[in-house]
Each structure stands twice: as C-alpha cells, then as structure tokens.
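Peer 1: Fold the following and give me the result.
(one chain, ligands or ions: 2)
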Amino acid sequence: MIWTSADSKTRMQQTASPKPAGMQRIGMVERSTTGSSMPGVSMPLRSDIDVLKARQEGKALAASLRFSTSELTTIATAISEIARNTVLYATKGQIMLDIVQKGTKRGLQIVTKDQGPGIPDLALAMQDGYTTSHGLGIGLPGSKRLMDEFEITSEVGKGTTIIMKKWER
Ligand SMILES: Nc1ncnc2c1ncn2[C@@H]1O[C@H](COP(=O)(O)OP(=O)(O)OP(=O)(O)O)[C@@H](O)[C@H]1O
Ligand SMILES: [Mg+2]
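Peer 2: Ligands and ions are numbered 1, 2, ... in the order given. Here you go, the predicted model:
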C-alpha cells in the first residue's frame, strides 16, 4: 500500500493490485456519541435520483448543526460531486451520513463506498482537470477544498471509499 500525502487536509491511500488481503479498511467510522437527536443515515447510490436524495438528506442533517446557509450549500455540493462519481464510475454504491464529534466540536461526516473499478492513480485523480469522462475533472479536488477533511482510498478492481468531514466553526 502506498500512502501519498498531498497536503494536511488530504489522506490518500492507494492500494496496489493485485494484493492478497483485499481492500484495506480505513479507520473506524466515527459515530456521534452525544447530543444529536438525528440518527445517521445510510442510502444506496444507483441513480441520479439517489444522488439528489443524498444531497437533500445531507443538507437536512447538516442543518441540525450550526452551519451557515452558505456552508449548507457547500456541503450539499460536495455530497453531489462524490455521489455522482459513485454512480457514474462504479454504477452503484452506498453513502453514509453521520453527525460526529471531536471534543466539543460537532461535524457532518460523509462516507461513500463502492465496489467499482477503482482509481489507478489517486494523486492524478486529485488534480484539477483530470477526467476520464470528458468532465471538468474538478469533482474530487473541488470537494476536498469545500470540506475540512478528505480521505480517499482506492484499489483497482476493488473499489473506492471517500470519507469527508465538515466541522462547525
Ligand atoms: N468512485 C469512483 N470510481 C472510479 N473512478 C472514479 C471515482 N470517482 C472518481 N473517479 C475517477 O477520478 C476522475 C476525477 O474525478 P472528478 O470527479 O474530479 O472529475 P470528473 O468526474 O471526471 O469530472 P467532474 O468535474 O464533472 O466531476 C474521474 O474522471 C474518474 O476517472
Ligand atoms: Mg466527478
């Protein structure tokens, strides 16, 4: 496995293939332990409608935290981008939305997981303008910029997992 650290905000884990142990699990998904009345949600991503639902669901969950209107839009945009990638490149996957806590700070955690083709070169895929679908190639790097934390793991032939977080100010 190769760890590439692009900057302090991004963690990239590229698992070389073929590899006997299968895809490496990334750290534990943090769960909210206090205070939140809204439970996390897990939703399938199979279509554009699902992407829209995930966007709305994420925005609603974020609205229960102390985020500004523009921060809510920012979060919704990042959700759309990575959920759209899941449907476009992996055809299907799952999105998990959770309220998480770090000390006294609360935040929204967004996890997408797919068993699609994976990304051969993560450092390249995280660059502005890199696309394999005649897109703009800004979905991944743009989402990273919009969020406070961004972690991506991918293995060719196994799939891709992204964990993003946005913290209350
Ligand atoms: N879940 C995924 N599975 C496999 N490949 C992916 C996945 N997500 C992204 N990629 C690859 O990473 C590239 C960059 O993704 P990114 O979202 O930044 O740009 P894009 O989807 O090509 O264009 P757009 O700007 O419209 O989003 C994609 O073109 C694709 O090759
Ligand atoms: Mg994209």
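
Peer 1: so where do the strands sit in this protein?
Peer 2: 2-7, 10-15, 41-45, 93-102, 105-114, 149-155, 159-167 (DSSP state E).

Peer 1: Lowest average pLDDT across these?
Peer 2: Per-stretch mean pLDDT for these is lowest at strand 2-7 (a mean of 56).

Peer 1: check whether stretch 130-144 contacts ligand 1.
Peer 2: Yes - legend: contact between stretch 130-144 and ligand 1 by Cβ under 6 Å from any ligand atom is shown at Tyr130, Thr131, Thr132, Ser133, Gly135, Leu136, Gly137, Ile138, Gly139, Leu140, Pro141. From N, CA and C alone the C-beta is placed, and that goes for glycine too.

Peer 1: among those, which are in helices?
Peer 2: In this view, those that belong to helices under DSSP state H are Gly139, Leu140, Pro141.

Peer 1: Buried ones among the residues of stretch 130-144 next to ligand 1?
Peer 2: Among the residues of stretch 130-144 next to ligand 1, those buried by neighbour count (16 or more other Cβ atoms under 10 Å) are Tyr130, Gly137, Gly139, Leu140, Pro141.

Peer 1: Quickly check those residues for the two that are furthest apart.
Peer 2: Using Cβ to Cβ, those reach their maximum pairwise distance at Tyr130 and Gly139, which is 10.1 Å.

Peer 1: and the one residue in the chain that gets nearest to ligand 2, what does it touch?
Peer 2: Distance from ligand 2 to each residue of the chain (Cβ to the ion) is smallest for Gly139, at 2.6 Å. Applying Cβ atoms under 8 Å, 6 or more residues apart in numbering, we find Gly139 in contact with Glu81, Ile82, Arg84, Asn85.

Peer 1: Okay then, goodbye and thanks.
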